[in-house]
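Asks: Sequence first, predicted coordinates after that:
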Amino acid sequence: HFLLLPRGGGPGRGEPVAWQANLRRARERPPLCDPSQIRLASRVEGDFYCLEVLLPTHLLNGFEPRAGERIGFNYFAHDVPGGKQVWSSPRAMPFDTDPSLWGLLELQD
């Protein structure tokens with residue numbers, strides 16, 4: 001569970017910021033990564049932004065690239081003027097605590 005913001009970090013709070021948080025109601029708590037290991041870039045212009053993140057595999061607890069070519073994935077974007085958006089399920093569903101509601105990403109070499 002990674003939180004990514006296009007602004008809010010750095011001395012002037014204008015830099016992108018990211019951190020890892022525990023998934024609510026998870027049976028086990030993985031070790032949380034050092035936020036400095038998350039590579040993040042953003043561009044904010046007027047009323048839109050672009051956000052890019054690189055999560056090295058060692059930050060993805062339990063990820064075994066040789067075991068499978070798919071991983072569960074979801075995002076929840078909360079943009080104050082633009083509203084809320086969830087990728088893989090309706091907002092009324094407990095997407096933030098139930099990984100069975102997440103979509104799948106197929107990994108490519």
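Replies: Received, thanks.
Asks: What lies in contact with stretch 4-19?
Replies: Outside stretch 4-19, the residues that touch it by Cβ atoms under 8 Å, 6 or more residues apart in numbering are 2-3, 32, 35, 38, 40-44, 49-51, 53. For the C-beta atoms, the positions are set from N, CA and C on the backbone; glycine is no exception.
Asks: Kindly recompute the last result at 10 Å.
Replies: Surrounding stretch 4-19, the residues in contact under the criterion Cβ atoms under 10 Å, 6 or more residues apart in numbering are 1-3, 32-44, 48-53, 55, 75, 77-79.
Asks: do the same with stretch 55-75
Replies: 1-2, 4, 18, 20, 28-34, 37-40, 85-89, 95-96, 98-109.
Asks: List the buried residues for it?
Replies: 55, 59, 71, 74 (16 or more other Cβ atoms under 10 Å).
Asks: can you give me the strands in the protein?
Replies: 2-9, 15-20, 39-45, 48-54, 70-73, 76-79, 83-86, 103-106 (DSSP state E).
Asks: okay, the ones you listed in a markdown table with mean pLDDT and distance to residue 64 next?
Replies: Listed next are these as a markdown table, based on pLDDT from 0 to 100; distance: least, Cβ to Cβ, whole Å:
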| stretch | mean pLDDT | distance to residue 64 |
| --- | --- | --- |
| strand 2-9 | 90 | 19 |
| strand 15-20 | 93 | 19 |
| strand 39-45 | 93 | 22 |
| strand 48-54 | 90 | 19 |
| strand 70-73 | 82 | 10 |
| strand 76-79 | 80 | 25 |
| strand 83-86 | 81 | 27 |
| strand 103-106 | 84 | 15 |
